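Asker: sequence first, predicted model second:
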Amino acid sequence: MEMKRINAGKLRAIGYDPRERILRVEFEDGSAIDYSGVGAEVWRTLSTSGSAWSYYRDNIEEEFSGRRGTVRPQGTSRQLDDLFKAPKDDA
């Protein structure tokens, strides 16, 4: 899912998967919530709103069921690759 970076209230990024109808909202504290059953019109309105934080609070937060998670810091997959790669043979 492609994320759109924003700086609105506590929101830091939003993204939408139209096929799965999932809206992902990322917050300034590193937490994230995936909301299911979100229609494309809600996404369009949120993503183009001049007051995304207010729209989120009024129309999404209490209206849709969400699953909490955390935002994976950029570069994490590279760090895991380095951690788990096989040691070199110096022979």
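Answerer: Thanks, I have the structure now.
Asker: ok, residue 54 to residue 61 distance?
Answerer: As judged by CB to CB, to the nearest Å, residue 54 and residue 61 stand 11 Å apart. (Glycine included, C-beta is placed from N, CA and C.)
Asker: how many other residues sit next to residue 43?
Answerer: 19 (other CB atoms under 10 Å).
Asker: same question, residue 21
Answerer: If we define neighbours as other CB under 10 Å, then residue 21 has 16 of them.
Asker: again, but for residue 70
Answerer: The burial count for residue 70: 11, using other CB under 10 Å.
Asker: tally of neighbours for the nearest residue to residue 33 once chain neighbours are set aside?
Answerer: The shortest distance from residue 33 to any non-neighbouring residue, by CB to CB, 6 or more residues apart in numbering, is to residue 66 (4.1 Å). Other residues near residue 66 number 18, with proximity taken as other CB under 10 Å.
Asker: check what pLDDT residue 66 gets.
Answerer: Residue 66 carries a pLDDT score of 94 in this model.
Asker: is it in a bridge, and if so with what?
Answerer: residue 35 (DSSP bridges).
Asker: check residue 31 too.
Answerer: According to DSSP bridges, beta-bridge pairing links residue 31 with residue 70.
Asker: my understanding was that it contacts residue 69; is that so?
Answerer: Yes - shown here, residue 31 and residue 69 form a contact pair, counting by CB atoms under 8 Å, at 7.4 Å.
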